[in-house]
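Novice: structural data only, the sequence is not supplied:
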Ligand SMILES: [Zn+2]
């Protein structure tokens, strides 16, 4: 942890770490969700009901992924956003596990699992998309935080 980490420039250089490195850097639960595409239990995460203003970063690599401006109350038990911070901050994968067609959302920079995105559910948001993201995949950096 260096004090200069919040001045890291936003580059497109992907983060490539070995599985052993991730295991060392992440807690077991973070590792299970971020690197093994696990899911935290609903209503248990840190941010599902958070309205604090700020930027949500990838917990694995610090890439800026979502902001509080696009967060909305979906009442699904996980933090929900109607759009990512910008195009290209996340990538999408077809996920056919559990017998469902879902779109998995990953961090574009370090390829960590974030959650899934659902569409056309009728939420009253500009996109009618719901990025259903695990709290444990994110770290909220408050707008006014020093
Ligand atoms: Zn990342």
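Specialist: Done, it's in. Please read all numbers here as calculations on a predicted model, not as lab measurements.
Novice: secondary structure element holding the residue nearest in space to the middle of the chain?
Specialist: Nearest residue to the geometric centre of the chain (Cα atoms, centre = their mean): residue 114, 4.1 Å. Here residue 114, judged by DSSP states H and E, is contained in strand 113-119.
Novice: what's the local residue count around residue 125?
Specialist: 16 (other Cβ atoms under 10 Å). C-beta: built from backbone N, CA, C; applies to glycine.
Novice: could you list every residue that touches it?
Specialist: Residues near residue 125 by Cβ atoms under 8 Å, 6 or more residues apart in numbering: 72, 82.
Novice: looking at residue 145 now. What's its pLDDT?
Specialist: pLDDT recorded at residue 145 is 52.
Novice: hmm, back to that, contacts for the strand holding residue 114, please.
Specialist: 33-39, 58, 65, 78, 90, 92, 95, 102-107, 128-134, 137-138.
Novice: if we look at the ion, which of those are close to it?
Specialist: Contacts with the ion are made by 58, 107 out of the contacts of strand 113-119, judged by Cβ under 5 Å from the ion.
Novice: filter the contacts of strand 113-119 to the buried ones?
Specialist: Among the contacts of strand 113-119, those buried by neighbour count (16 or more other Cβ atoms under 10 Å) are 33-35, 37, 39, 58, 65, 78, 90, 102, 104-107, 129-134, 137-138.
Novice: still on that earlier bit, helices - which of the contacts of strand 113-119 land there?
Specialist: Judged by DSSP state H, these include 33, 34 as members of helices.
Novice: just the ones in strands from the contacts of strand 113-119, please.
Specialist: Those of the contacts of strand 113-119 mapping onto strands are 58, 65, 90, 92, 95, 102-107, 129-133, 138, per DSSP state E.
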